[in-house]
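A.B. asks: Coordinates only, no sequence provided:
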């Protein structure tokens, strides 16, 4: 079961009847924000799930008291734990941004550099060349001893090299 919402939302699933018939639930309002921001219908469910994950992570803090540090600290840990690829990670950042800035209007959310967070939080894929290069075993370099096996690279010749044979 999800912890109680810190936005005073009824913990109802999106589209279900809110407890007070005259007020939409927080999730219905969030869906309206997604619609206004032209999030495709098929993706809205995932945005709601990402927003719920964020709320669950900070549920001991009232939403209006969430700090920028709490927002950005969640990012790398969440990406690792959920094993998100790059576009899922960006989707998560946008989902949290829409929740905090557009819907809840959390002051700390306005101080977060969302563009940097979208670009910088995911890291490189495990098979990225720079990661593969740095994770190669140090005890057995690929070309160990190559320079020593070619005399030209290890010492200066004591005599001039032989001339190339002529093609006559």
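C.D. replies: Thanks, I have the structure now. Just so it is clear, the model here is predicted, and its values are computed rather than measured.
A.B. asks: Spell out which residues sit in contact with residue 78, please.
C.D. replies: For residue 78, the set of contacting residues under the criterion of Cβ atoms under 8 Å, 6 or more residues apart in numbering consists of 53, 54, 57, 84, 92. In short, each C-beta sits where N, CA and C put it, glycine included.
A.B. asks: And the helix or strand hosting it, what's buried?
C.D. replies: For residue 78, the enclosing helix or strand under DSSP states H and E is helix 68-82. By 16 or more other Cβ atoms under 10 Å, the buried positions in helix 68-82 come out as 68, 71, 72, 74, 75, 78, 79.
A.B. asks: My guess is the third one contacts residue 117. True?
C.D. replies: Spelled out, that is residue 72. Yes - under the criterion of Cβ atoms under 8 Å, residue 72 lies in contact with residue 117, with a separation of 6.3 Å.
A.B. asks: quick one on the thing from earlier: for the record, mean pLDDT for the helix holding residue 78?
C.D. replies: Averaged across helix 68-82, the pLDDT comes to 82.
A.B. asks: now stretch 47-55
C.D. replies: Per-residue pLDDT values over stretch 47-55 give a mean of 93.
A.B. asks: tally of neighbours for residue 48?
C.D. replies: The criterion is other Cβ atoms under 10 Å. On that basis, residue 48 has 18 neighbouring residues.
A.B. asks: quick check: longest helix of the protein.
C.D. replies: Secondary structure assigned by DSSP state H gives helix 41-57 as the longest helix of the chain.
A.B. asks: That one: which residues count as buried?
C.D. replies: For helix 41-57, burial by neighbour count (16+ other Cβ under 10 Å) applies to 44, 47, 48, 50, 51, 52, 53, 54, 55, 57.
A.B. asks: And for residue 53, nearest residue in space, chain neighbours not counted?
C.D. replies: residue 78 (6.9 Å; Cβ to Cβ, 6 or more residues apart in numbering).
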